[in-house]
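Visitor: Can you look at this prediction? I've put the sequence above it.
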Amino acid sequence: MPSVVLIGAQWGDEGKGKVTDVLAEKADIVVRYQGGNNAGHTVVVGEEEFKLHLIPSGILYPDKTCIIGNGVVIDPAVLLEELEYLAARGINTNNLRISLRAHIIMPYHKKLDEVIEESKGDAKIGTTKRGIGPAYMDKAARVGIRFVDLLDRDEFSLLLDRNLKEKNNLLAKVYAADGFNKDTIMKEYMGYADLLRKYAADTSIIIYDALKAGKNVLFEGAQGTLLDLDHGTYPYVTSSHPIAGAACVGAGLGPTEITKVLGIIKAYTTRVGEGPFPTELLDETGLHLRDKGHEYGTTTGRPRRCGWFDAVIARYTVRVSGLTSMAVTKLDVLTGMDTLKICTGYRRGNEIIRDFPASLKTLAGCEPVYEEMPGWHDDITSAKAFADLPAAAQNYLNRLSELAGTPISIIGVGTRRTQTIIMDSLF
Ligand code: GDP
Ligand code: IMO
Ligand code: MG
């Protein structure tokens, strides 16, 4: 019953979609367990590119069960759009199951995401404005609306009444913004309920039964460690838990069921949105990485900030998510650079910091300590095995693994499914 949790090891966009797609070949079930359509996971199969926001990347295989777990927040309009987008491209989505316990993103969540961000001025988080934070706020405040409630007209109406009373007041009095009309939302959301009802399930049972039957389950994380609500660069984080532990909570499963944890990590570092980023390159090299790596947000199209590989972050992720191995992606993007830098620690005054600090003030005062390694110039995009890589690329990877303290099981050398070196397929 191998079950593998796949997580983002940096600030998101590490290539989780691609690696999920590669590993899904051997999985029976693929599960999303946190986040929502703030995620943007890209999968390239042949000449075709798919961008997924809510549906697990396993959906591209016709025979896999794909689950949206209880820990995900669902915007039903976006989910239906995604279902249509896949159907239009000939992808069968009948094997999708949605947890009855997942929370629903409402129109007022999206509005609140906007006005809260605006009201913060310079202190804004740079959210995706998809209503993610406000939806998780309501979940924690115990006033959220779940998928099971959406499917029950009377319950939905009651919860909507209560919520609108509070949200319209908040929008008008605190943010001087327009409120929402109940009838309009009822009509819209009851339409969504009709269309989504057939996917509803108690998904924890499906996963549990599959594991007991010896099937392979892959958990597809969204975002990344440093966007984790507890372990990330708070408050510049998302409102869910991208670390591996959240797979248990967000799928309804005990920790004893998890056998492996794979951290997806770029061969360099990127971040989209505000907040500290010690190895950020604000020079030509940063622009080169953005350009060569096509570093623009999958969800919002915003340019991603780019910098060198940060081994402090890698070690941190290994610890807080218990990585058993990592997948290093986008190695090909580094081809052609004479020298590569790896951050091994942070210098703050006379002190060298080796563990990722809690305080953003401390982090802001940190200078990365770099070691340099020679780069390579040979094209690596058709490499099929570790031995096919130039010696300098092998040395670079070996050093990343040594500094992170975990082995590398997968290497990405291009966007396509086939441009992947698999040393250990995990299942
Ligand atoms: P995710 O959010 O972690 O799934 O990552 P995104 O899909 O948002 O961003 C990763 C981007 O890098 C996508 O455009 C992928 O197609 C691309 N990508 C993934 N792995 C590789 C790789 O090994 N090499 C290259 N060149 N691109 C990759
Ligand atoms: P994937 O799964 C990169 C960032 C936003 C912002 C912060 C909070 O594709 O890796 P939110 O809308 O979640 O309240 O925004 O988190 N963010 C991501 N950055 N990849 C993602 O997902 C992200 N999801 C959210 O840019 O800084
Ligand atoms: Mg992404």
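Guide: Looks like it came in fine. Residues are numbered from 1 along each chain as shown. Ligands and ions are numbered 1, 2, ... in the order given.
Visitor: so residue 354 touches residue 348, yeah?
Guide: No. Taking contacts as CB atoms under 8 Å, residue 354 lies outside contact range of residue 348: 11.3 Å. For the C-beta atoms, the positions are set from N, CA and C on the backbone; glycine is no exception.
Visitor: And these two? Which one has more around it.
Guide: Legend: neighbour count by other CB atoms under 10 Å for residue 354 and residue 348, higher for residue 348 (15 against 12).
Visitor: Tell me the bridge partners for the more buried one.
Guide: Beta bridges link residue 348 to residue 351, judged by DSSP bridges.
Visitor: gap between it and residue 293?
Guide: 29 Å (CB to CB, to the nearest Å).
Visitor: okay, now residue 46: neighbour count?
Guide: Residue 46: 8 surrounding residues under other CB under 10 Å.
Visitor: Phi, psi for it please.
Guide: Per-residue torsions, residue 46: phi 60, psi -120 (degrees, to the nearest 10).
Visitor: Tell me if I'm right that it and residue 419 touch.
Guide: No. Applying CB under 8 Å, one finds residue 46 not in contact with residue 419, separated by 11.7 Å.
Visitor: Show me where this structure has its helices.
Guide: Ranges of helices in the chain, per DSSP state H, are 16-24, 76-88, 107-120, 132-140, 147-150, 153-173, 182-196, 203-212, 246-251, 284-292, 311-321, 360-364, 391-404.
Visitor: Would you mind giving the ones you listed as CSV with mean neighbour count and distance to residue 42 added?
Guide: CSV is the format used below for the helices of the chain (neighbours: other CB atoms under 10 Å; distance: least, CB to CB, whole Å):
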stretch, mean neighbour count, distance to residue 42
helix 16-24, 26, 5
helix 76-88, 16, 13
helix 107-120, 18, 23
helix 132-140, 21, 19
helix 147-150, 22, 26
helix 153-173, 15, 34
helix 182-196, 14, 25
helix 203-212, 18, 25
helix 246-251, 24, 21
helix 284-292, 16, 16
helix 311-321, 23, 21
helix 360-364, 14, 29
helix 391-404, 17, 23
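Visitor: any chance of those in JSON lines, with mean pLDDT and distance to residue 6 too?
Guide: Shown next, in JSON lines, are the helices of the chain (pLDDT from 0 to 100; distance: least, CB to CB, whole Å):
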{"stretch": "helix 16-24", "mean pLDDT": "97", "distance to residue 6": "6"}
{"stretch": "helix 76-88", "mean pLDDT": "98", "distance to residue 6": "20"}
{"stretch": "helix 107-120", "mean pLDDT": "97", "distance to residue 6": "27"}
{"stretch": "helix 132-140", "mean pLDDT": "98", "distance to residue 6": "20"}
{"stretch": "helix 147-150", "mean pLDDT": "98", "distance to residue 6": "24"}
{"stretch": "helix 153-173", "mean pLDDT": "98", "distance to residue 6": "34"}
{"stretch": "helix 182-196", "mean pLDDT": "98", "distance to residue 6": "26"}
{"stretch": "helix 203-212", "mean pLDDT": "97", "distance to residue 6": "15"}
{"stretch": "helix 246-251", "mean pLDDT": "98", "distance to residue 6": "9"}
{"stretch": "helix 284-292", "mean pLDDT": "97", "distance to residue 6": "24"}
{"stretch": "helix 311-321", "mean pLDDT": "98", "distance to residue 6": "10"}
{"stretch": "helix 360-364", "mean pLDDT": "93", "distance to residue 6": "27"}
{"stretch": "helix 391-404", "mean pLDDT": "98", "distance to residue 6": "16"}
